[in-house]
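Peer 1: can you look at this prediction? I've put the sequence above it.
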Amino acid sequence: MKIVVAYKWAPNPQDADVRPDGIVDLSRAKSAVSEYDPVAFELARRLADATSGEVIGLSVGAASIDTSLARKAALSRGLDRLVLVADDELDGADSTRLAGVLAAAVTAIGDVDVVLAGDSSIDVAEGQVPLTLAGHLGWLGLGRVSAVTADGAALVVERDLPGGVSVLAVTTPVVLAATADAVVPKVAGMKDILAAAKKPVEVLALADLAVPTAGTTLTTLATARPAGGVRQAVLFDATDPAAAASQLVGALRQAGAL
Amino acid sequence: MNASQTWVVVADAPAAAGLVEVARTLSTEVVAVAAGPRSVAEALAHVVDRVIWLGEPGDLPVEAFAPAVADLVAAAAPLAVVGATTPAGRALLGAVAARLQSPVVSGIGSVELSGGQVMVTRSVLGGVSEHRTALVGGTAVLAVDAGAEVGAEGSPVPVEDATVTPLTTARVLETKVKEHAGVDLGAARTVVSVGRGLKAQADVALVAELADAIGGELACSRPLAEGVDWIAKERYIGISGQHIAPDLYLAVGISGQLQHMVGVREAKVIVAINSDKAAPIFSQCDFGIVGDLYQVVPALTAALGAGA
Ligand SMILES: Cc1cc2nc3c(=O)[nH]c(=O)nc-3n(C[C@H](O)[C@H](O)[C@H](O)COP(=O)(O)OP(=O)(O)OC[C@H]3O[C@@H](n4cnc5c(N)ncnc54)[C@H](O)[C@@H]3O)c2cc1C
Ligand SMILES: Nc1ncnc2c1ncn2[C@@H]1O[C@H](COP(=O)(O)O)[C@@H](O)[C@H]1O
């Protein structure tokens, strides 16, 4: 099967500098393959190996997603090749636009059977892009996929849903978003990193892709730093755990929290 | 655009009170489209002005109706579309968003209509900033918490049948129904939460005893629920899990990553127990004990018992 893994090269907002007026500066936050996306790489690799298939990494975003570090980080995780759309016009793009560019790239790649994605991205964390991507492609999109295996030309997909585990027979093409704990991804070793340098990378120009124009756009009118951030942080030392415990209980009683 | 309508897209659960509530804030006619069993449409009929039902899904996953929902919504071109942040809700919203070329807006705090335009407050980038945002130029697509099951107060409107063609590329073979933990962390005044500082599943008991002694509910960080499966998924706190605002939140062996802490930002008092003095949680708590949870937790349970 021809499998595309959509992954995001993104910073952790934990490392962002947030100004008092709520403006977010991410320049000091280092980007990486988004935390849960290696789960999708691993599911894809196993499915490809079982079907003598191919795994193509796909990421879209600002020009900064295409560095040699970023390429290697993705290619060392079981991919056969990589396709990127890296254009500063996509900096801060909303989920529908990102999904639209991904869909256009999937169409450009051609004959794709399965698109696999992660649960949610480390910076935006909405779990929306894969399902909007399915909408753009007109394919079925299924979230919370905990297992996927080949059954001839079809798939057996397990989903971990609030009501229980659901098992489905699925024919391709399909978009599948994995749960965070579907599989434990293999850690890239030195050999994988060296091999990554030799794998093909194709950069698609945004201008060459058929991306629909936005119908609704978001205009930010005001920003603010969320309230409730500052807490007093009174710390007790636990050299004597019993003493620390009774100090804490006393402090909580005084604060009216018990 | 038809500014006199707001659409609510509902997947397979009658838990849609949150969607209807948000739709009502826009003061338009509210039209619901229900993908899923007829019972869902019938429940909605009590709380909306029109309800459209797409037929019994049988063994199709509800996501198979996403393109059909998008067709109906696109034909109506309403002021806004409201759906749930559940997996199926996001699939319906994704199809709608792609059809209308409108971003799905999430993390919503409040929604209002101002000068004919939908405005929201929302938290962005994992909650590090709050934005006031106008949705300009077309239909607003909003993802919100599904909320409780809709009540059957008013007299119902008739359910309108729509004949649609769902995708037929997937069939549900089997559903292994899981016992619902049935917890309502949101209602708990005190919550005791544990993270990866715990070394073994058996040790959950240690923290559960503390929760008992303090009269609180047990909760956890995501890795303990999705990762090692030691605690029910309904009990993890954070951006992808529960958002709570208890009077007291006691975090045991939790480092204090943004994605976790955003779920308890509204807690009155936060207490941290962590062996690493440099753990980020110590700058986000009201009180903390720097120490080994295996010593501190039993001591705290004992201290609470002694004081009672
Ligand atoms: C898109 C996305 C969404 C996410 N959503 C969520 C979410 O909703 N909720 C969530 O919780 N996480 C979420 N995460 C994960 C989050 O980023 C953190 O990885 C996670 O919260 C860490 O859990 P933890 O604090 O239990 O573990 P760790 O970060 O590993 O921390 C364990 C802590 O235990 C302490 N410790 C170790 N031994 C002891 C001891 N004996 N006594 C006392 N302390 C000890 C350590 O010092 C450490 O601080 C998300 C991540 C991503 C990328
Ligand atoms: N810009 C992007 N490029 C490629 N894949 C993406 C991008 N953004 C999101 N994804 C995929 O969609 C998943 C969910 O992202 P999100 O909707 O941002 O939470 C991620 O885990 C990725 O697999």
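Peer 2: That came in fine, so what should we check first? Ligands and ions are numbered 1, 2, ... in the order given.

Peer 1: how about B:Leu250, what does it touch?
Peer 2: B:190-193, B:210, B:214, B:216, B:270-271, B:273 (C-beta atoms under 8 Å, 6 or more residues apart in numbering or on different chains). Every C-beta, even on glycine, is put in place using the N, C-alpha and C of the backbone.

Peer 1: what does A:Ser68 give?
Peer 2: By C-beta under 8 Å, 6+ apart, no residues touch A:Ser68.

Peer 1: so where is the chain shaky, pLDDT-wise?
Peer 2: The chain I'm using is chain A. Applying pLDDT under 70 to chain A picks out residues A:228-229.

Peer 1: chain B is the one I meant
Peer 2: B:181, B:306-308.

Peer 1: change it to 50
Peer 2: Residue ranges of chain B with pLDDT under 50: B:308.

Peer 1: which of the contacts of B:Leu250 fall in helices?
Peer 2: B:210, B:214 (DSSP state H).

Peer 1: how much space between the residue in the stretch 101-250 of chain A that chain B sits nearest to and B:Val194?
Peer 2: In the stretch 101-250 of chain A, the residue that lies nearest chain B is A:Ala238 (2.5 Å; C-beta to the nearest C-beta). Distance, A:Ala238 to B:Val194, using C-beta to C-beta, to the nearest Å: 17 Å.

Peer 1: same question, B:Trp53
Peer 2: For B:Trp53, the distance to B:Val194 - C-beta to C-beta - is 44 Å.

Peer 1: compare these two (neighbour count), which wins?
Peer 2: Neighbour count, other C-beta atoms under 10 Å in any protein chain shown: between B:Trp53 and B:Val194, B:Val194 has more, with 29 against 22.

Peer 1: give the contact list for the more buried one.
Peer 2: Counting by C-beta under 8 Å, 6+ apart, B:Val194 has contacts B:204, B:207, B:218-221, B:224, B:231, B:251-254.

Peer 1: out of those residues, flag the one nearest to B:Ser240.
Peer 2: Closest to B:Ser240 out of those is B:Ser221 (10.9 Å), distances taken as C-beta to C-beta.

Peer 1: count of neighbours near the nearest residue to that closest one once chain neighbours are set aside?
Peer 2: In this structure, B:Ser221 finds its nearest non-sequential neighbour in B:Gly195, 3.9 Å apart by C-beta to C-beta, 6 or more residues apart in numbering or on different chains. Per other C-beta under 10 Å, the neighbour tally for B:Gly195 reads 25.

Peer 1: what sits against B:Gly195?
Peer 2: Per C-beta under 8 Å, 6+ apart, neighbours of B:Gly195: B:220-221, B:223-224, B:251-255, B:260.

Peer 1: could those residues go into CSV alongside secondary structure and neighbour count?
Peer 2: Below are these laid out as CSV (DSSP: H, G, I helix; E, B strand; the rest coil; neighbours: other C-beta atoms under 10 Å in any protein chain shown):
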residue, secondary structure, neighbour count
B:Cys220, strand, 31
B:Ser221, coil, 30
B:Pro223, helix, 17
B:Leu224, helix, 26
B:Ala251, strand, 31
B:Val252, strand, 25
B:Gly253, coil, 28
B:Ile254, coil, 31
B:Ser255, coil, 19
B:His260, helix, 26
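
Peer 1: and ligand 1, which of those residues reach it?
Peer 2: For ligand 1, the contacts drawn from those by C-beta under 6 Å from any ligand atom are B:221, B:223, B:253-255, B:260.

Peer 1: could I get the residues you listed as a markdown table with distance to A:Ile193?
Peer 2: Shown next, in a markdown table, are the ones next to ligand 1 among the contacts of B:Gly195 (distance: C-beta to C-beta, whole Å):
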| residue | distance to A:Ile193 |
| --- | --- |
| B:Ser221 | 30 |
| B:Pro223 | 26 |
| B:Gly253 | 33 |
| B:Ile254 | 32 |
| B:Ser255 | 28 |
| B:His260 | 31 |
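
Peer 1: show me which pair in these is furthest apart.
Peer 2: B:Gly253 and B:His260, at 11.8 Å, using C-beta to C-beta across the ones next to ligand 1 among the contacts of B:Gly195.

Peer 1: quick check: buried residues in stretch B:109-126?
Peer 2: B:111, B:113, B:118-126 (16 or more other C-beta atoms under 10 Å in any protein chain shown).

Peer 1: helices along the chain, start to end?
Peer 2: Picked chain A for this. With DSSP H as the criterion, chain A has helices spanning A:37-50, A:68-75, A:95-109, A:129-137, A:190-196, A:241-254.

Peer 1: I was after chain B.
Peer 2: For chain B, helices defined by DSSP H occupy the ranges B:17-24, B:38-44, B:66-76, B:87-100, B:204-214, B:222-225, B:258-261, B:293-307.

Peer 1: most tightly packed of the ones you listed?
Peer 2: Burial of the helices of chain B is given as mean neighbour count (mean count of other C-beta atoms under 10 Å in any protein chain shown); helix B:87-100 ranks first at a mean of 29.

Peer 1: got the residues of chain A near ligand 2?
Peer 2: A:6-8, A:34, A:36-37, A:40, A:59-61, A:95, A:98, A:102, A:117-118, A:120-121, A:124-130.

Peer 1: hey, what's A:Leu218 bridged with?
Peer 2: B:Leu135 (DSSP bridges).

Peer 1: which residue does the stretch 151-300 of chain B bring closest to ligand 2?
Peer 2: B:Ser240 (9.3 Å; C-beta to the nearest ligand atom).

Peer 1: list the contacts for the closest residue to ligand 2 within chain A?
Peer 2: Using C-beta to the nearest ligand atom, A:Gly118 is the residue of chain A that sits closest to ligand 2, at 2.6 Å. Shown in contact with A:Gly118 (C-beta under 8 Å, 6+ apart): A:6-8, A:34-37, A:39-40, A:177-178, A:180.

Peer 1: if we go to 10 Å?
Peer 2: A:5-8, A:33-41, A:43, A:127, A:129-130, A:177-180, A:182 (C-beta atoms under 10 Å, 6 or more residues apart in numbering or on different chains).

Peer 1: again, but for B:Lys199
Peer 2: B:253, B:293-294.

Peer 1: surely A:Ala197 meets A:Leu69?
Peer 2: No: judged on C-beta atoms under 10 Å, A:Ala197 makes no contact with A:Leu69 at a distance of 11.5 Å.
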